[in-house]
Every structure is written in structure tokens, then in C-alpha cells.
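**Q** What follows is a predicted protein model with its sequence.
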Amino acid sequence: MRPRRPRTRGALAALAVTLLALSAGQTAVAARAAATTPAPSTAATVSAAQDQAARAIARSLTDSTWRARLRHAALTSGEVPVTALADRAAGPLKTTLATADHRIATAKGLDATTGSLLRLRLGAEAMRGALTSGTAPWVAAATSDDDTRTLVAYDRHGRSHTLDAHDAPAHPVYVLDIDGSAALAAGLDVLSGRLNSYGIGSAAPDAQPRVDTASGARTAGGGFWASRITAVELSDDEEPWAKGDAEIYTLVTGFGPDGAVRVDPVDMPYLDNDGTVYRPNQILVNWSNYKYALADAVMMEEDGSTNYRDLAKAIATALLTITDQGTYVPLVNAVLDAIPDDWWTDDPDYVDSWYTLARTDNGTRYGARGNGWMTVEPYFVQEL
């Protein structure tokens, strides 16, 4: 049965008012929904930018001259700074890659001066023969998710190919990844600067004589006692073949000489692979920076979900509520609680943690998570 038409102008006016009210209500609801819709996570933004760049590189391989140039670079250079190399590619590839670079740097909270982060490499050494013989490669964006089961690669005709993440294909695949070393170096600069601005950063130690907490003897001005890492290893976990080397850093936390909480980021660029013992002789803790002879260490991994500005803000928000009570308070849990929830999805950035490292520790300490160990020793750094 059809609805009856309105018979009067009044009825028409009433209907118009009703429709306007409904439209206004729907607009308000839409506005509220838009306001409450969460922004894409850092990991999602980075992943989308990498995928878009991978598609663009795959399509660009229809140009035989550019394809040969990229093949030569991948076979001879290992990691290729593909955005810079794209200056010599035909079409809009350079613009697409530059845009992706900008989106990635912004999502990770890095400064505009960071430069290009995109790098391209051959997915596995076993693919070298097929690539050398002229097989047209596919292009896949690297994943930061250790638990992923599949990867998507694109060919030069725009077709997608689903690959096993833990069994490298025989077909040659270019993997588009982020230069982790460059991202971490830039990120730690941002992190240190932000932590300083919040009042919990890495202030320079003073040059006053110190008391050796082991012997009680006063040390010469300008030198300081430190804890040095003589050996370190992380557990051997199965990772996707397309994932690059790990980029590890450690947040050393404790109370500064003024009693305020402080955080010192320590880059560990040598820690590339799990299941390998590294012997870096690296300074982990400079004890002249701390009031107590105890500190904590939280080891993290740089990957797509790391936004260093957000990390600094979260850590500061958590730690600034902790005050010196005249005795040492472990800070590991406060740091872990500060890590954004989405960082724990699929591929956590948290590696391991060490509670109450002591100035006198001399031997092997295992991480609380059971994912690594390190051997430390007291070490005096003498000023020249």
C-alpha cells in the first residue's frame, strides 16, 4: 500500500522541518563518530606507506633499463637507498617514494631532517642465482610482525602473490624495508631531547670526585665508574625471512644525583641477530649519573610501531609521578606500563628487562623475561 501524499502546505512544511531535524541529527552523530574514531596506529601507517611504495617499485619494473639498474644495485650493494636511486627512474616513482618516506618519518615522530629511510634488498641469498639470470623479481614490504604467516609480494603487472613468511620462495623477491640503524639513531636523538624537555633526560655528569662504592676510596675528578657489557645474547626465535636485522636499544633508568628520576637511552647497534653472542665491551651505566648504586635496564627493539615522541611522553608521564623516598625503587614496571597498548599487539617492542643492576655486579645477569642475558663488570673510565 502506497503512503498517502500530504494534502496541505502545513503538512508539507512539517515534513520539511522533520527532514531537516533528521539531517541535522545524522550530521551531529557523524561528527561525533568522526571525533571518536581513533587515528591509525604508527605501525598501521608505516605498513601502509611501505606497501604503497612496494607496489610502485613493482610497477616501475616494466622499464627494462631501470629494472637492470635496480638489479645491479641489489646484487652488489646489499641494501639499496631506493629513494635516491629512483632519481634515475622514469615516471612518478621518486615522488611516490619521497611521500612514503615523509609519512614514515612523521608517523615515527622523527624530525624532518631524518632523510630517506626506505631501503631495498634481496630477500634471501638463495634468490641471487635467479635474479642474476634475469628472472623478473617481485617486491614485498617487510613486516615487523614476528608471528605473521604470510607476506604479499607484487609483480610488475600489478598482480599480488601470497608468500609463506617462514619459507623463502625460489622466485627472487625484493624486500622494501626501513633503515633501522638510521631510524634508531634519529629516534634516540628525539627521545633524549624530549626526555630532557620533560626533566628526566640525560644531564651531563658533574666532574666532582666520586666515592668508589666498592672500596670507599675517592676517585680522581673527571673519571667515573661504569658497568660495562662484556657479552650479551638474545634468545633464538624463528623470524620471517623478509624481516631484517634487529635494532636494539636499552633504556637505563634510576635516580639522578638530585633525586629526580632519569632515563638514559643506550644504542646497541651490534645486536643484529638472536642466538648470537656479542662481545661489545660497551658502557651500559655511567654511575656518576645516579644517586644510588642501583639502576634498571629495559631493552627495546626499533620497528614500525615505535613513535619516539609518544614514547618519551608516555615514559615521562609515568616516571614523573615517582619521587625519591631515600631508598632505591625499581622503575622497570613503570616503564613497561608506559608503553602504548598497541605496541604489545603481534610484535612487541619490549625485548627484556634487568631489575636492580648493581654498581658492583660482576658476572652474568639473566633478563626477567628470560629472553636474554648479559655479562657485566665494573669498569673505571679514567679522564685523559
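**A** Arrived safely.
**Q** what comes up buried for stretch 103-113?
**A** R103, I104, A105, T106, A107, K108, G109, L110 (16 or more other CB atoms under 10 Å). Every C-beta, even on glycine, is put in place using the N, C-alpha and C of the backbone.
**Q** Helices - which of those residues land there?
**A** R103, I104, A105, T106, A107 (DSSP state H).
**Q** which residues of the stretch 201-350 of the chain fall in helices?
**A** With helices called from DSSP state H, counting those that start in this stretch, the stretch 201-350 of the chain shows them at 308-319, 332-338.
**Q** Follow the chain on from the last one and name the next helix or strand.
**A** Think helix 332-338. On the C-terminal side of helix 332-338, the closest following helix or strand by DSSP states H and E is strand 350-358.
**Q** Direction included, what does that following strand pair up with?
**A** Strand 350-358 pairs in its sheet with strand 294-301 (antiparallel), by DSSP bridges.
**Q** pLDDT averaged over the strand it pairs with - what is it?
**A** Taken as a whole, strand 294-301 has an average pLDDT of 94.
**Q** Where does pLDDT dip in the protein?
**A** 1-40, 202-221, 236-239, 342-348 (pLDDT under 70).
**Q** can you list the domains in it?
**A** 42-178, 181-381 (automatic domain parsing).
**Q** Could I get the contacting residues of D167?
**A** W241 (CB atoms under 8 Å, 6 or more residues apart in numbering).
**Q** Could you look up the SS state of it?
**A** Using DSSP: H, G, I helix; E, B strand; the rest coil, the structure places D167 in coil.
**Q** From A242, how far out is it?
**A** D167 sits 11 Å away from A242, going by CB to CB, to the nearest Å.
**Q** now do Y278
**A** 23 Å.
**Q** Between the two, which is the more surrounded one?
**A** A242 (23 against 18; other CB atoms under 10 Å).
**Q** list the contacts for the more buried one?
**A** G123, A140, A142, T143, L151, A165, V173, V175, D177.
**Q** Count the residues that sit near the fourth one.
**A** Under the neighbour criterion other CB under 10 Å, T143 is assigned a count of 24.
**Q** Over to the last one?
**A** The local packing count at D177 equals 25, with neighbours defined by other CB under 10 Å.
**Q** any idea how far the closest residue to it other than its chain neighbours lies from L93?
**A** Using CB to CB, 6 or more residues apart in numbering and skipping the chain neighbours, the partner closest in space to D177 is A142 (3.8 Å). Applying CB to CB, the value for A142 to L93 is 19 Å.
**Q** and what of A338?
**A** 40 Å.
**Q** cool, and Q325?
**A** Distance, Q325 to L93, by CB to CB: 58 Å.
**Q** between the two, which one's more packed in?
**A** More crowded of Q325 and L93, by other CB under 10 Å: L93, with 22 against 9.
**Q** Distance-wise, check the more buried one relative to A105.
**A** L93 is 19 Å from A105, by CB to CB.
**Q** Run through the bridge partners of S227.
**A** V285, P378.
**Q** What is the most widely separated pair among the contacts of A242?
**A** A165 and D177 (14.2 Å; CB to CB).
**Q** so how far is the first residue of stretch 115-135 from its last?
**A** Using CA to CA, to the nearest Å, the span of stretch 115-135 from its first residue to its last is 32 Å.
**Q** Would you mind listing the buried residues in stretch 166-173?
**A** In terms of neighbour count (16+ other CB under 10 Å), stretch 166-173 has its buried residues at A168, P169, H171, P172, V173.
**Q** With only the CA atoms kept, save it in CSV.
**A** Provided in CSV are the C-alpha atoms of stretch 166-173 (Å, rounded to 0.1, in the frame of the first residue of the first chain):
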residue,chain,number,x,y,z
HIS,A,166,58.9,-18.5,7.1
ASP,A,167,59.8,-20.4,3.9
ALA,A,168,61.6,-18.2,1.3
PRO,A,169,60.4,-18.7,-2.2
ALA,A,170,62.7,-19.7,-5.1
HIS,A,171,61.4,-16.7,-7.1
PRO,A,172,63.5,-13.6,-6.4
VAL,A,173,61.8,-11.0,-4.2
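**Q** Noted, bye for now.
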